[in-house]
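Student: heads up, no residue letters with this:
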């Protein structure tokens, strides 16, 4: 609450203080006030059109509001201007995944991996792939399952993720992806 007041005061003193708008938006996300968060992230982007964290946060806010087309349009537009960012490709992949557009999700996740050097060998060693690769037809979805799981967790930002023992390796990979 005190931090919010400080950031609000900072924007009164200097209306171009970009980081303050971003942090106010982040505060409203934590309070689950997505409409207010949206306004502050849009303000951040209007002040600094290359602030990738603001795009990522705004896309997550749109998703929380149930607007699945908005994050796709927002990030595709940003990426079309040239800046490549693995975090935005991951968010974009998650948005496509949530819309059920798996092929588009895989393309965006693959680009994120290229930019962030997530080793394909890591995915090939994951238990769900290693244990099933010989018993089922080769499937990119099977191999990318941990990445899709990570995207779902990152986009929805839950307080708790419940998994079975067979999912522990996936959760560890999710943590690695989130840190990147």
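Tutor: Thanks, I have it. Since we're looking at a predicted model, the values are computed, not measured.
Student: in stretch 78-89, what's buried?
Tutor: Within stretch 78-89, the residues that count as buried by 16 or more other Cβ atoms under 10 Å are 78-79, 85-89. Yep, even glycine has a C-beta here, placed from its N, CA and C like the rest.
Student: nearest to residue 178, of those?
Tutor: residue 87 (9.8 Å; Cβ to Cβ).
Student: not counting its neighbours along the chain, what's nearest the closest one?
Tutor: Of all residues not flanking residue 87 in the chain, residue 56 sits nearest, at 5.7 Å (Cβ to Cβ, 6 or more residues apart in numbering).
Student: distance check, the one you found against residue 101.
Tutor: 19 Å (Cβ to Cβ, to the nearest Å).
Student: whatever helix or strand the residue nearest to residue 87 lives in - contacts with which helices or strands?
Tutor: Element membership for residue 56, per DSSP states H and E: helix 52-64. Using 3 or more Cβ pairs under 8 Å, 6 or more residues apart in numbering; DSSP states H and E as the contact test, the elements touching helix 52-64 are helix 18-30, helix 34-47, helix 69-80, helix 86-98, helix 140-156.
Student: between that helix and helix 69-80, how many degrees?
Tutor: Note on geometry: by axes from the mean of the first three to the mean of the last three Cα atoms, to 10 degrees, helix 52-64 and helix 69-80 are set 160 degrees apart in direction.
Student: how about residues contacting helix 52-64?
Tutor: Contact with helix 52-64 is made by 22, 25-26, 29, 32, 34, 37-38, 41-42, 44-45, 48, 68, 70-71, 74-75, 78, 83, 85, 87-88, 91-92, 94-95, 98, 155-157, as judged by Cβ atoms under 8 Å, 6 or more residues apart in numbering.
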